[in-house]
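S.K.: curious how this folds, go ahead:
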Amino acid sequence: MGALSTLDTSGLDTPDGKTEASDRKGTTFVAWIPHIIAVAAALLYGWYFLKGLTPYWFNPQWTTDDALQQSFPFHKVYHPELFKGDIITKMMEGYLTPVQYWLSWVITYFTADPIMTGHWVMLIQLVLTSGFITAAVYRAGGLVPACFAFVWLLHTRHIMQRLTGGLPRGWAAPVVAAYLFCMVGRQHRAVIVLLFIGALVHPPSTFVCALAYGLYLLWRVAWRETRAAALRPFFTYAIAGPAIALVTWLVVKMPPDLGTMASYEVAASMPEFSREGGRFPFVPLMPLLREFRIFGFMAFTSRLHHIPFTRELMVVSTASMLFFAFLILDYRRGKRRQWVMGAELATFAIAAICAYLASRQLAFKLYVPDRHLQFPMGLFFVTAFSIAAWRAFHSGAEEFRSAAWRHAKGSFCALLALGALIFTGSGDGLQGSANFNVPASRAGHVNSWLEKNTPIDSLVAGYPDHVDLVPLFAKRQVYISTETAHPFYDKYYSEVRRRLDITLRAHFARDLKELLTLLEPERIDYFVFRRKLFYPEELQKADYFKPFDQLVYTLTRRGENDYAYRQLPHKVDSETAPYMPFKDDQSAVVDIAELRRYIDKNGL
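M.R.: The predicted model follows:
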């Protein structure tokens, strides 16, 4: 196994004792043709990738669902009076790491729009990730496999759509990519710096990288031939490790008034986590092998590209066998220092698997288990397999950057075979909108009306799904929404449950007086009805996430006219019904203060 202990790409003699320096003399334009083709292919695929996102990316009318939770606090850059004392904002800000928060704050200062800020942060994350991955593969294999890795990265839609919206989760990709780049170059000081930065950017991925680096150094120290060179970085890491851990703890620590994170045992007793109708369907955990097959091999398979299970199993099995084949080649070639994948990359895969297994045992203290597979394993496969496929079949003994046909014909064939395997499992990788799944028009015109016609300190309530967009698109505080109804922290969720109960009862209140009785004590200023839910056929199938499904079922068993919504006028009439200032095809807004005056005036 000493074969895996080092990365060395230069200084080796060819089998006949001559170096390739003489072979490179008289290099002609022909030698550049493979590089030109590879760069052109990468640019062409990148163009199609961007073309597919043109309707959404850098369009302020589009964002992703998680941005509804974590982007709206940046409205405070220009409106400091927004969201003061709001427990929901406090919870959502708790998910923002320091780098994410301050970078987004600065960008919002210039864009004046948190939605566009998310688009710019996404661009930064994408450029860093693709840049580090491409550079890592170039460093180890040359331009041709680097272009292949670049295309493969963009092709891996499940990584790309996790960057959408420029959210904290997207920083996992640049952190992992930067780590792989540093390790391919054996830049030990850079790794330590990266781990400190990573703790401020995305602690879960930094945990995987820190574990991987520790495993690598332990391996180097344990092996006699590499021990001397490994001792200094090993002790440096041993000294820096506790400081990195402290920074990480300070970043992930939540304010005590939000409560403590639910353990797996607690989550198992909560319907909110149930796979049968829960808002976050994590419990019971998916069978290990199935979860690993689905989330660990996303570089090869895609749920957006439907294929028969037998073909998916074939692709996953082939990828697994390739991994072990590359390890065996490393062992056999290591004595000649002609590594294929190397311990620097192999230990990262091992660390990702260990982190995943630990997170299953400690859920949810170490993040959701499958998240330790999606980014780490996806980026590992893109980097390591692009390098290994090229180097395993390359005959240039001095270096592997040569794309000359006499040296690289086997490498070209290997990359084509690897590309065929990827295409078999996930098609052309250009399907879907990369998770740009929330248009500004999703709830009609109610959000633009709220922004223009209500005081900035207004508190808005409504059917939880229907008011998801209010904080981000209307710039108003929301009482509770589905997107912000997180059950992970007990004290926060106890308030969430109370608010959900009140909101659902208000939405299906029997009359306007009951609506007022429910909402006035909560100091709610405006209530938004979702009109579609009062169609007779919709009432019959109305539902919500557990445990509120039974409450909604009970509330919707009345006659179709026995609801407060049915007492609203058919159209806006400021003279006779000033309490309903807005109505369109999707929404009807009730001004609670005006409703109180209307009821008192009419003796209802």
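
S.K.: my guess is S433 contacts T54, does it?
M.R.: No - using CB atoms under 8 Å, S433 makes no contact with T54, being 10.5 Å away. (C-beta placed from N, C-alpha, C; glycine too.)

S.K.: tell me which of these two has more neighbours.
M.R.: A direct count of neighbours by other CB atoms under 10 Å for S433 and T54 places S433 higher, at 15 against 9.

S.K.: may I have the secondary structure class of the more buried one?
M.R.: Here S433 is coil, with the state taken from DSSP: H, G, I helix; E, B strand; the rest coil.

S.K.: excluding residues flanking it in the chain, which one is nearest it?
M.R.: Y56 (5.6 Å; CB to CB, 6 or more residues apart in numbering).

S.K.: now the one you found: how far from F300?
M.R.: Separation of Y56 from F300 (CB to CB, to the nearest Å): 26 Å.

S.K.: of those two, who's got more company?
M.R.: Between Y56 and F300, counted using other CB under 10 Å, F300 has the larger neighbour count: 25 against 20.

S.K.: the more buried one contacts G425, doesn't it?
M.R.: Yes - if you go by CB under 8 Å, F300 and G425 touch, sitting 4.4 Å apart.

S.K.: shared neighbours, these two?
M.R.: Listed as contacting both F300 and G425 by CB atoms under 8 Å, 6 or more residues apart in numbering are 315-316.

S.K.: what about the chain, any weak spots by pLDDT?
M.R.: Along the chain, segments meeting pLDDT under 70 span 1-29, 334-337, 397-398.

S.K.: contacting residues for the most centrally placed residue in it?
M.R.: Among the residues of the chain, R162 comes closest to the average C-alpha position under CA atoms, centre = their mean, at 3.3 Å. Residues counted as contacts of R162 (CB under 8 Å, 6+ apart) are 169-170, 172-173, 374-375, 435.

S.K.: how about 10 Å then?
M.R.: Neighbouring residues of R162 by CB atoms under 10 Å, 6 or more residues apart in numbering: 64, 66, 125, 156, 169-170, 172-173, 298, 371, 374-375, 378, 434-435.

S.K.: how close does it sit to S71?
M.R.: Distance, R162 to S71, using CB to CB: 15 Å.

S.K.: now A230
M.R.: Distance, A230 to S71, using CB to CB: 44 Å.

S.K.: all strands for the protein, in order.
M.R.: Ranges of strands within the chain are 62-63, 438-439, 459-462, 477-478, 526-530, 582-583, 587-591, based on DSSP state E.

S.K.: V590 contacts P581, correct?
M.R.: Yes - using CB atoms under 10 Å, V590 is in contact with P581, at 8.5 Å.

S.K.: overlap in contacts, these two.
M.R.: Shared contacts of V590 and P581 (CB under 10 Å, 6+ apart): Y526.

S.K.: which one's more surrounded, the two?
M.R.: For the pair V590 and P581, the greater number of neighbours falls to V590 (28 against 18), based on other CB under 10 Å.

S.K.: now the more buried one: closest residue in space that isn't a chain neighbour?
M.R.: V590's closest residue in space is F527 (CB to CB, 6+ apart), at 4.6 Å.

S.K.: from what I see, the one you found and H507 are in contact.
M.R.: Yes - F527 lies in contact with H507 (CB under 10 Å); the separation is 8.0 Å.
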